[in-house]
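Asker: sequence and computational prediction follow.
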Amino acid sequence: MPYDADVAGNAALAICESLLLALNDRDILPEREIIGILKDAAAAQITASELGEQAEIHKAVAALINKILAGGNSVRRK
């Protein structure tokens, strides 16, 4: 099967979301820490977009992370 960046990205996202949920479900990381991780990841993408190279991709990644935050997909709200 040829390498497809979209497939790899979707797999990575699914794995990371599952890990965040598991860490929260097992009381290893509290909700606020997981939200902090996601906010930091979005901020890093914004910073990368400001450096110029592949700016639109970085902005799109940040927007997706912020959408995940808004939807609560990676944190089971208690």
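Answerer: Yep, it's here. Residues are numbered from 1 along each chain as shown.
Asker: which pLDDT value belongs to the residue nearest in space to the middle of the chain?
Answerer: With distances taken as Cα atoms, centre = their mean, residue 65 lies nearest the centre of the chain, 4.6 Å away. Residue 65 is assigned a pLDDT of 93 by the prediction.
Asker: mind listing the helices for this protein?
Answerer: 5-25, 31-50, 55-71 (DSSP state H).
Asker: for the helix-or-strand element of the chain with minimal mean pLDDT, packing partners?
Answerer: Using mean pLDDT, DSSP states H and E, the weakest-scoring helix or strand in the chain turns out to be helix 5-25, at a mean of 90. If contacts are counted by 3 or more Cβ pairs under 8 Å, 6 or more residues apart in numbering; DSSP states H and E, helix 5-25 sits against helix 31-50. Using the backbone N, CA and C atoms, a C-beta is placed for each residue, glycine as well.
Asker: now do the helix it packs on, average pLDDT.
Answerer: For helix 31-50, the per-residue pLDDT averages 95.
Asker: stretch 71-78 too?
Answerer: 64.
Asker: give me the number of residues near the closest residue to the residue nearest to the centre of the chain other than its chain neighbours?
Answerer: Take residue 65 and drop its neighbours on the chain: the residue closest to it by Cβ to Cβ, 6 or more residues apart in numbering is residue 42, 4.1 Å away. By other Cβ atoms under 10 Å, 19 other residues sit near residue 42.
Asker: next: residue 17.
Answerer: Neighbours of residue 17 (other Cβ under 10 Å): 15.
Asker: from residue 71, how far off is it?
Answerer: Between residue 17 and residue 71 the computed distance is 11 Å (Cβ to Cβ, to the nearest Å).
Asker: one more: residue 30?
Answerer: 19 Å.
Asker: and those two? Which one has more around it.
Answerer: Neighbour totals were compared for residue 30 and residue 71, and residue 30 leads with 13 against 9 (other Cβ under 10 Å).
Asker: pretty sure that one contacts residue 24?
Answerer: Yes. With contacts counted by Cβ atoms under 8 Å, residue 30 reaches residue 24, the gap being 7.3 Å.
Asker: how about the contacts made by the residue nearest to residue 65?
Answerer: Contacts for residue 42 (Cβ atoms under 8 Å, 6 or more residues apart in numbering) come out as 61-62, 65-66, 69.
Asker: kind regards, and thank you for your time.
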